[in-house]
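>>> Generate a structure from the sequence data that follows.
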Amino acid sequence: MLVAGVGPGLGAQIARDAHAAGARVMLSARHGGYVEELAAELQESVANRCCDITVDSDCRALVDATLDAFGGLDCVVCNAFAHSPAYGRTLEEADVDDWREAFDVNVFGSLRMVKAAIPALRRSEHGSVVFVGSQIVRRVFAGRGPYAASKAALLTASQVLARELGPYGIRVNTVVPGRMWGPALQRYIQQLAVQRGTTFEEERQRMVDDVALPRLSTDEESARVVVFLASDLAAGMTGQSVDVNAGETLR
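This next block holds a predicted model:
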């Protein structure tokens, strides 16, 4: 498995769960510090390499390094993402060009990564691609246009690729995580509490008031679904999006 976009949150959890399930894992991120630490933690059946997925040659080199390390490639997980210089600003307040960074990474970078991997995935008997989407495609907010629109484009692209790569036996699916409980979300909740003059617990409770379970999902729960979709347990699934959000949105 090749995991593009490994950071200390969901990317790392995907790598850990895949490794625990017996996969050989190539860890990749734009900068090498964290992936080197994670590779040292996992130790066996793991390799790492820096890759900027907006650069074609980097993507090809990453696939080649994976083949050199493991002799083949069965799955690509695209977890790399970017927001935008226009984060928090409406289209009226921002320049259209401010949307480009989110699209360059979230859509075109992911497509570059998959394109580079297609020849290797075609040689596999278990080829699959898993994109990591976002719940923002289900609940859109003003000022989040670049991220929301890019993730929505990626979701449609995954369905197109499911049609295009299906004849080769390659499956393409998308995991759509909700708000994941962890340090980043906890910092955001604390900021909301300060801004609104409330408490941390009041803001946390507000987030889960209309969630079916009711609680916030975790990165571990999303990672397990990624590993499931990558595995032969999901052999009959392609072109699908799977929401992991404790029932915050129901479709």
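
>>> mind listing the strands for the stretch 101-250 of the chain?
For the stretch 101-250 of the chain, strands defined by DSSP state E, counting those that start in this stretch occupy the ranges 128-132, 171-177, 180-181, 217-218, 241-244.

>>> Please spell out which residues along the longest one are buried.
Within strand 171-177, the residues that qualify as buried are Arg171, Val172, Asn173, Thr174, Val175, Val176, Pro177, counting by 16 or more other Cβ atoms under 10 Å. Any C-beta I mention is one placed from the backbone N, CA and C, and that applies to glycine too.

>>> Return the closest of those residues with respect to Val63.
Val172 (16.6 Å; Cβ to Cβ).

>>> Enumerate the beta-bridge partners assigned to that closest one.
Val129 (DSSP bridges).

>>> what sits against it?
Ser128, Val129, Val130, Phe131, Ser158, Gln159, Leu161, Ala162, Leu165, Thr238, Gly239 (Cβ atoms under 8 Å, 6 or more residues apart in numbering).

>>> Make a PyMOL selection of whichever of those turn out to be buried.
Per 16+ other Cβ under 10 Å, the buried members of these correspond to this PyMOL selection:
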select buried, resi 128+129+130+131+158+159+161+162+165+238
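
>>> ok, back up a step: can you flag the weakest of the strands of the stretch 101-250 of the chain by average pLDDT?
Least confidently modelled of the strands of the stretch 101-250 of the chain is strand 180-181, at a mean of 90 by mean pLDDT.

>>> who does that one pair up with?
Looking at strand 180-181 with DSSP bridges, its partner strands are strand 217-218 (parallel).

>>> per-domain residue ranges of this protein.
Following the assignment in automatic domain parsing, the chain carries domains at 2-179+218-244, 180-215.

>>> To Arg251, which of these lies closest?
Among the domains of the chain, domain 2-179+218-244 comes nearest to Arg251, with 6.9 Å by Cβ to Cβ.

>>> taking the mean pLDDT, what do you get for stretch 140-153?
92.

>>> And that stretch, what's buried?
Result for stretch 140-153 [16+ other Cβ under 10 Å]: buried residues Arg144, Gly145, Pro146, Tyr147, Ala148, Ala149, Ser150, Lys151, Ala152, Ala153.

>>> As JSON lines, those with distance to Ser217 would be great.
Shown next, in JSON lines, are the buried residues of stretch 140-153 (distance: Cβ to Cβ, whole Å):
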{"residue": "Arg144", "distance to Ser217": "19"}
{"residue": "Gly145", "distance to Ser217": "24"}
{"residue": "Pro146", "distance to Ser217": "24"}
{"residue": "Tyr147", "distance to Ser217": "19"}
{"residue": "Ala148", "distance to Ser217": "19"}
{"residue": "Ala149", "distance to Ser217": "23"}
{"residue": "Ser150", "distance to Ser217": "22"}
{"residue": "Lys151", "distance to Ser217": "17"}
{"residue": "Ala152", "distance to Ser217": "20"}
{"residue": "Ala153", "distance to Ser217": "24"}
